[in-house]
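> Pasting the sequence and the predicted model now:
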Amino acid sequence: MKPVRSPEPLIDPLSRFVLFTNAKCGGTTLKSWFFTNLDMAGLERRPWRLASAFGPRFAARQLLRGRRLTPRGPALRDGEALRRMTNYYRANYCVPALASGATEDFFRFAVVRDPESRLVSAYLDKFCGEDAGRPWVRAVVDQAGGGEITFARFLDYLARVEDAECNPHWRRQTYVLEGHRIDAWVRLERIAEDFAAIGDRIGRAHLDIFGERMQSAPSARISWEGRPPLTEAPASEIAAWRAENGAFPPKAAFLTDETRARIREIYAADYAALPY
């Protein structure tokens, strides 16, 4: 049995594919597409098909208990409803299916993101946004030296933290892929095009979802050329900039030659394996 690391992949036994994901790689959009495409609500109306595809044990659990979590209608675009269903589905179907070896011949693909963009997005979202006061975020701030965190200090922390101790929002993407065959890559930056390219393997229904914007805290679409970088700016100043401008500063404000070199070093395994 190959190691299964969190987040566990999402498995569709009807279309026979395994989808590997990571935090900060379009999670809400991917879950929306996956469960819309899976149509669990429709399968619940056809118990024989549910049992044939998923096995009698999961089918019985789904019909007796899981159907309360099945997202329907508007809930298929609701982040919290999708999170609850994803957690239930992974624990009760995906992990056992992987352990059984029944998915070895399924098509396997991973949705990935440019490490630079992903890291800056995670920093802004978690340290400069609404999650800044959460205990697990504050724990990282304390490990980074306490006081006010900056992007530069965050990089210092990442350079020394072990993979197993690293939060999934900024842990290297290849951590969950090691030991698994990957048949295709889908780049978040070209998600619609890359999904269309593998449509024959996963189905072409509902791909229009990837044209929707589900990002909750975007960066400003302005040039930062000629302005000083924000690598040493305290997170509170970034939060204040967002409050004043309605969006975070552009990612370019944090990507100097020095920080880019450090990111490439920290995420060397990702740059070696992913299509970037």
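Sure thing, it's come through.

> Might you report the residue contacts of the closest residue to residue 31 other than its chain neighbours?
Residue nearest to residue 31 in three dimensions, not counting chain neighbours: residue 82, with 4.2 Å by Cβ to Cβ, 6 or more residues apart in numbering. Placement of C-beta: from N, CA and C, glycine included. Contacts for residue 82 (Cβ atoms under 8 Å, 6 or more residues apart in numbering) come out as 28, 31-32, 35, 71, 75-76.

> Three-state assignment for residue 82, please.
Under DSSP: H, G, I helix; E, B strand; the rest coil, the three-state class of residue 82 is helix.

> What's the separation between it and residue 208?
17 Å (Cβ to Cβ, to the nearest Å).

> which stretches of the stretch 101-250 of the chain form helices?
115-127, 135-143, 151-160, 191-197, 199-202, 235-245 (DSSP state H, counting those that start in this stretch).

> Between the two ends of stretch 90-107, how far is it?
18 Å (Cα to Cα, to the nearest Å).

> With pLDDT, neighbour count and distance to residue 212 added, can I get the contacts of residue 82 in JSON lines?
Formatted as JSON lines, those follow (pLDDT from 0 to 100; neighbours: other Cβ atoms under 10 Å; distance: Cβ to Cβ, whole Å):
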{"residue": "28", "pLDDT": "94", "neighbour count": "18", "distance to residue 212": "10"}
{"residue": "31", "pLDDT": "97", "neighbour count": "24", "distance to residue 212": "13"}
{"residue": "32", "pLDDT": "96", "neighbour count": "24", "distance to residue 212": "8"}
{"residue": "35", "pLDDT": "98", "neighbour count": "24", "distance to residue 212": "15"}
{"residue": "71", "pLDDT": "96", "neighbour count": "21", "distance to residue 212": "15"}
{"residue": "75", "pLDDT": "95", "neighbour count": "17", "distance to residue 212": "15"}
{"residue": "76", "pLDDT": "96", "neighbour count": "21", "distance to residue 212": "11"}
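
> Make JSON lines from the residues you listed and add distance to residue 234 and secondary structure to it.
Shown next, in JSON lines, are those (distance: Cβ to Cβ, whole Å; DSSP: H, G, I helix; E, B strand; the rest coil):
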{"residue": "28", "distance to residue 234": "29", "secondary structure": "helix"}
{"residue": "31", "distance to residue 234": "33", "secondary structure": "helix"}
{"residue": "32", "distance to residue 234": "35", "secondary structure": "helix"}
{"residue": "35", "distance to residue 234": "39", "secondary structure": "helix"}
{"residue": "71", "distance to residue 234": "39", "secondary structure": "coil"}
{"residue": "75", "distance to residue 234": "38", "secondary structure": "helix"}
{"residue": "76", "distance to residue 234": "39", "secondary structure": "helix"}
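
> and residue 14, which of the helices of the stretch 101-250 of the chain is closest to it?
helix 199-202 (10.6 Å; Cβ to Cβ).

> what's next to that closest one, contact-wise?
By Cβ under 8 Å, 6+ apart, helix 199-202 touches 12, 15, 17, 37, 107, 109, 183-184, 195, 207.
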